[in-house]
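In: sequence first, then the predicted structure:
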Amino acid sequence: MRITINGTAREVAARTLAEALSEADLTGRIATALNGTFVPAALRETTPIHDGDAIEALAPMQGG
Amino acid sequence: MPVFYGTEIESPLMLGTAGYPSPKVLADAFARSGAEIATVSLRREAGGGQDFWSLIQSLGVRLLPNTAGCHGAREAVTTAQMAREVFGTDWIKLEVIGHTDTLQPDVFGLLEAARILAAEGFKVFPYCTEDLTVCERLLDAGCHVLMPWGAPIGSGLGLNNPHGLRALRAAFPDVPLVVDAGIGLPSHAAAAMEMGYDAVLLNSAVARAGDPAAMAAAMSDAIRAGRAAYLADPMERTDMAIPSTPVIGRAFL
């Protein structure tokens, strides 16, 4: 199916949020949101994804 | 010394982590600043996030994640929730931006987000204006700290409305107040502290200085001097001169 991860569209075989992150090599200290809603790390493995979904995977960054 | 949500902080200088020429310069600036609180943010993972995480952990400071760049309450709330998980803190510097050129807070969105986040157990540090009514509403919404701007973010203009900032200090004598944004020089930071502000949050003034570590040290000194001056109870100002040398005993020549 076709989803968007951090603004980039990609074809994935993943069925869950955790699998999609793994396919995109997004590991380490990140936080995730699915279609604008926060998904806690503990729920990634049981959160299904669907065609057209938008995932955001955010990491620590410099800030003021 | 400032107390934020029950946590006593030794240094009234809060320092941002953005815009330094290198990680080493950032670390040096923090060491010279004495700052115990560092602001951080969240951005799309593009490879650098994990290194930055290691760097900020090595600083040994308390983290204050921000919601910088959010233009609506919903976006800010989601960012705050994500920040709580990544940084392991319920402290959040809540920014809801209303205007692109001035980065002026959208105080309506800010209030809405503050109410939601406070109910979810966040300890909200709202980036706000010095408007008394807005500040009162933020306190009602569950904020126990207020962070009015001195001037637009990154402008270095200093305290644009000293009368308003002084009025805010007088209106809320028991609320921790932080001047956040707009500081360009140590004298600006000192002025905020002389007014009785509990802390100053700055970033660009240090990061964009020619020698960030030296500027961090200068800011630290200025803030300490400003705080000491406030506690020393400054003299009252007058419009006319008052001779300091005794008038009695003056010779007739």
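Out: Okay, I see it.
In: CA atoms for contacts and neighbours, from now on please.
Out: OK.
In: show me which residues of chain A are close to chain B?
Out: Within chain A, the positions lying close to chain B (CA under 8 Å from any CA of the partner chain) are A:6, A:26, A:28-33, A:36-38, A:40, A:56-64.
In: what subset of the residues you listed is buried?
Out: Burial of these was assessed by neighbour count (16 or more other CA atoms under 10 Å in any protein chain shown); the buried members are A:6, A:26, A:29-33, A:37-38, A:56-64.
In: pLDDT score assigned to whichever residue of the stretch 101-250 of chain B sits closest to chain A?
Out: Of all residues in the stretch 101-250 of chain B, the one sitting closest to chain A is B:Asn203 (5.6 Å; CA to the nearest CA). Looking at B:Asn203, its pLDDT is 98.
In: surely it meets B:Leu13?
Out: No: the pair B:Asn203 / B:Leu13 is not scored as a contact, 10.3 Å apart, by CA atoms under 8 Å.
In: now do the strands in chain A.
Out: If DSSP state E is used as the criterion, the strands of chain A fall at A:2-5, A:8-11, A:31-34, A:37-39, A:54-62.
In: if you count neighbours, what's buried in stretch B:14-21?
Out: Of the residues in stretch B:14-21, those buried by neighbour count under the rule 16+ other CA under 10 Å are B:Met14, B:Leu15, B:Gly16, B:Thr17, B:Ala18, B:Gly19, B:Tyr20.
In: okay, and which of those residues map to strands?
Out: B:Met14, B:Leu15, B:Gly16.
In: what pLDDT does the first one get?
Out: If I follow you right, that is B:Met14. The confidence metric pLDDT takes the value 97 at B:Met14.
In: can you check A:Ala9 too?
Out: Each residue has a pLDDT score; the one for A:Ala9 is 96.
In: contact partners for the residue nearest the centre of chain A?
Out: If you average the C-alpha coordinates of chain A and look for the closest C-alpha using CA atoms, centre = their mean, you land on A:Ile55, 4.1 Å from that point. With contacts defined as CA atoms under 8 Å, 6 or more residues apart in numbering or on different chains, A:Ile55 is in contact with A:Ile3, A:Thr4, A:Ile5, A:Asn6, A:Thr32, A:Ala33, A:Leu34, A:Asn35, A:Gly36.
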